[in-house]
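In: Structure for this input, please:
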Amino acid sequence: MPLAAHETIYEVFREHAHRSPERLMMSCDHGTINAVRLLERVDTLAAYLRSATGRAGVAYVGRDERDYLTVVLACSKAGALLVVGVGDRRLLRQATDDCVGLTLLHSGDEAPPHGAPGSPWVSLQEVERGSAPRPSAGPAVPDDVWCVLYTSGTTGAPLGVMTTEASYLINADDMTRALGLNDCDSFVVRSPLDVSYGLSLGLVLPLVLGVSIRVTRAIHPRAVLRAVAESDRPAVVGTPTVYRELTTFQEELRTAAAHAAPCWFSSGDVLPAEVHERFAGLGIPLCDCYGSTETNGIGIANGASERSFQRLPSVQIRLDEASGEPGAMEGQLLVRGPKVMRGYYGQGVIQAQHRELPGGWIRTLDWVRRNGCDRFRLLGRDASLIKVGGKRVHAEEVERALERIPGVTCAVAYGLADPLHGEVLAALIQPEGGQAPCAADIRRRLSVELPAHMIPRRIATADDLSTAVGKKRRDRAH
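Out: As a prediction, this is how the structure comes out:
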């Protein structure tokens with residue numbers, strides 16, 4: 001049956017389970033589970049959720065990825081609301097404040113100690129024994145909303161992003177069509193599963209493909225590479241930090257890559273060009289996946305062309321006309337399509353935000369430069385925009401150019417108030433080995449690739465900029 005004919009993630013999984021009931025579906029630090037056992041657990045939990053007085057709303061709070069997978073599939077089968085992204089105490093508190101009637105599921109017989117008053121804790125063991133209290137009706141959201149995924153709230157109070165189940169199936173179809181993923185027999189996942197890209201790439205995508213999932217929490221790169229080597233022709237899902245660390249073990253990486261499928265995914269942030277290049281030098285195709293919690297996947301970058309992305313098939317893109325000159329090739333990226341969120345949920349109500357625009361478009365807050373109809377180059381976030389002499393400067397673009405200069409380990413570009421020009425561009429650099437290139441040499445090197453208004457007028461050194469990124473680094477520079 002073609003993917004488009006399925007209505008739910010559960011239906012896709014059930015078809016694979018009936019075809020290969022003994023297939024290993026997941027292995028993690030807590031053990032393994034095969035398809036037939038997972039199907040039994042999902043059916044049991046789904047029946048429990050359907051016993052609610054209304055539509056149930058649940059969140060899994062625990063560390064056993066097999067239980068999390070069970071909850072995701074059971075919500076799909078039962079039509080229950082899945083609340084995700086509550087892994088730390090702050091986000092859990094916010095979710096339970098917002099989502100009246102939320103049932104918190106956990107693995108053991110005893111509830112975790114950092115509870116949320118007013119939200120019932122139910123163990124999956126109680127559900128399997130038939131001794132769990134009947135779930136109550138969950139929070140009121142639109143019928144087509146399947147998941148409320150809480151963001152970290154780094155730019156304000158955490159809000160739940162409302163998404164449909166179809167958005168995850170469509171994203172899996174997008175990735176399969178764009179990359180041709182019929183060459184892998186398993187997935188190795190070294191990223192959290194309770195965030196947008198983890199749920200989409202690390203869980204739903206392998207479920208759609210009908211392959212097993214190996215989740216590793218290992219921190220050391222050698223342990224991650226060992227998991228790759230021990231799996232059956234795996235695709236790999238990780239974050240930029242994971243891939244950056246893997247490049248320090250090139251021989252082990254080369255050996256593991258010979259055993260893996262040619263599908264290595266990175267998401268959560270944009271990969272630095274040097275990481276792309278190191279993987280390319282080893283003959284490993286590294287795919288950078290660009291998107292957000294609000295939009296799911298928008299584009300992919302397969303080569304070492306840093307921040308240059310190909311639009312995914314189901315996504316429509318355009319530039320915000322109000323953010324640039326009419327007909328300009330640079331501006332804020334707007335996105336529309338079936339994967340875009342249904343809105344924000346917070347404080348028990350659906351909240352309208354300035355990012356939602358008429359016609360189903362959503363503002364990404366990212367600035368891009370169009371490279372043809374279906375390609376775009378990511379310049380930076382809206383918060384990193386600096387006005388110099390009436391011209392826009394994207395701090396991140398300047399920072400990347402600075403960090404390509406020999407002797408510069410890390411850089412921060414920012415605007416300084418100036419009575420004549422409004423703002424002038426300044427930069428802090430962290431020198432390699434304590435010896436910084438001179439400012440004149442830095443400006444000369446920058447002038448080869450950047451226009452004059454993007455070359456910092458003031459350059460100073462700092463001892464350590466590596467522990468903070470993006471907006472936090474610019475705040476520190478001030």
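
In: Now do the SS call for Tyr10.
Out: Secondary structure, DSSP: H, G, I helix; E, B strand; the rest coil: Tyr10 is helix.

In: In this structure it contacts Ser76, no?
Out: Yes - contact status for Tyr10 versus Ser76: in contact at 3.9 Å, counting by Cβ atoms under 8 Å. In this view, the C-beta of every residue, glycine as well, is placed from N, C-alpha and C.

In: higher neighbour count, these two?
Out: The neighbour count for Tyr10 versus Ser76, taken as other Cβ atoms under 10 Å, is higher for Ser76 (27 against 24).

In: my guess is the more buried one contacts Thr8, does it?
Out: Yes - with contact defined as Cβ under 8 Å, Ser76 and Thr8 form a contacting pair (4.7 Å).

In: list residues touching both of the two?
Out: Taking Cβ atoms under 8 Å, 6 or more residues apart in numbering as the contact rule, Ser76 and Thr8 both touch Glu165.

In: mind listing what the residue lying closest to Glu403 once chain neighbours are set aside touches?
Out: Among residues not flanking Glu403 along the chain, Ala411 sits closest, at 5.2 Å (Cβ to Cβ, 6 or more residues apart in numbering). Residues in contact with Ala411 (Cβ under 8 Å, 6+ apart) are Val398, Glu399, Leu402, Glu403, Ala427, Leu428, Ile429, Gln430, Leu465.

In: now do 7 Å
Out: Glu399, Leu402, Glu403, Ala427, Leu428, Ile429 (Cβ atoms under 7 Å, 6 or more residues apart in numbering).

In: Out of these, which two sit at the greatest distance?
Out: Taking Cβ to Cβ as the measure, those span a maximum distance of 11.9 Å, between Glu403 and Leu428.

In: which SS state does the most centrally placed residue in the chain fall under?
Out: With distances taken as Cα atoms, centre = their mean, Tyr197 lies nearest the centre of the chain, 3.4 Å away. Three-state call for Tyr197 (three-state DSSP): helix.

In: Show the pLDDT at Ser305.
Out: Note for Ser305: predicted pLDDT of 59.

In: Let me know the secondary structure of Arg363.
Out: strand.

In: Against Val58, how distant is it?
Out: As for Arg363, its distance to Val58 is 31 Å (criterion: Cβ to Cβ, to the nearest Å).

In: Looking at Glu403 and Leu428, which is more packed in?
Out: Applying other Cβ under 10 Å to Glu403 and Leu428 shows that Leu428 carries more neighbours, namely 23 against 16.

In: who's the more buried one bridged to?
Out: Val412, Ala460 (DSSP bridges).

In: For Arg233, which non-adjacent residue is closest in space?
Out: Of all residues not flanking Arg233 in the chain, Asp185 sits nearest, at 4.4 Å (Cβ to Cβ, 6+ apart).

In: Same check on Leu39?
Out: Closest residue to Leu39 apart from its sequence neighbours, by Cβ to Cβ, 6+ apart: Ala17 at 4.8 Å.

In: if I pick Glu432, what's in contact with it?
Out: Here Glu432 is in contact with Gly407, Val408, Thr409 (Cβ under 7 Å, 6+ apart).

In: Do you know the pLDDT at the last one?
Out: You'll see Thr409 listed with a pLDDT of 84.

In: Tell me the secondary structure at it.
Out: Put simply, Thr409 is strand when judged by three-state DSSP.

In: returning to that earlier point: Ser186 versus the residue nearest to Glu403, what's the distance?
Out: 39 Å.

In: residues near the residue nearest to Arg233, how many?
Out: Asp185, neighbours per other Cβ under 10 Å, totals 14.

In: That one reaches Asp232, doesn't it?
Out: Yes - between Asp185 and Asp232 there is a contact under Cβ atoms under 7 Å: 4.2 Å.

In: would you list every one of the strands in the stretch 251-400 of the chain?
Out: 264-266, 286-292, 296-301, 308-311, 316-319, 330-336, 343-346, 349-351, 362-370, 375-381, 385-388, 391-394 (DSSP state E, counting those that start in this stretch).

In: Please render these as TSV that adds distance to Pro120, mean neighbour count and mean pLDDT to the earlier fields.
Out: Output for these, formatted as TSV (distance: least, Cβ to Cβ, whole Å; neighbours: other Cβ atoms under 10 Å; pLDDT from 0 to 100):
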stretch	distance to Pro120	mean neighbour count	mean pLDDT
strand 264-266	37	25	90
strand 286-292	32	25	89
strand 296-301	31	25	91
strand 308-311	43	21	89
strand 316-319	42	17	91
strand 330-336	38	20	89
strand 343-346	20	22	84
strand 349-351	22	14	60
strand 362-370	34	21	85
strand 375-381	39	21	80
strand 385-388	46	18	76
strand 391-394	48	19	77
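
In: related to what we said a few turns ago, need the contact list for the residue nearest to the centre of the chain.
Out: By Cβ under 7 Å, 6+ apart, the neighbours of Tyr197 are Ser191, Ser267, Gly268, Cys289.

In: Among those, give me the pair with the biggest separation.
Out: Across the contacts of Tyr197 (Cβ to Cβ), the longest gap, 11.0 Å, separates Ser191 and Cys289.

In: Output the below-cut-off pLDDT ranges for the stretch 201-350 of the chain.
Out: By pLDDT under 70, the low-scoring segments of the stretch 201-350 of the chain are 303-306, 321-328, 347-350.

In: redo that, cut-off 80
Out: For the stretch 201-350 of the chain, applying pLDDT under 80 flags the ranges 219, 268-274, 302-307, 321-328, 346-350.

In: before we move on, what about the stretch 1-150 of the chain?
Out: Using pLDDT under 80, the stretch 1-150 of the chain drops low at 1-6, 87-90, 109-119.

In: just the contacts of Tyr197 now: which is nearest Ile386?
Out: Set against Ile386, the nearest of these by Cβ to Cβ is Gly268 (25.3 Å).

In: For that closest one, grab the count of nearby residues.
Out: Counted with other Cβ under 10 Å, Gly268 comes out at 19.

In: And His453, by the same measure?
Out: His453: 15 neighbours (other Cβ under 10 Å).
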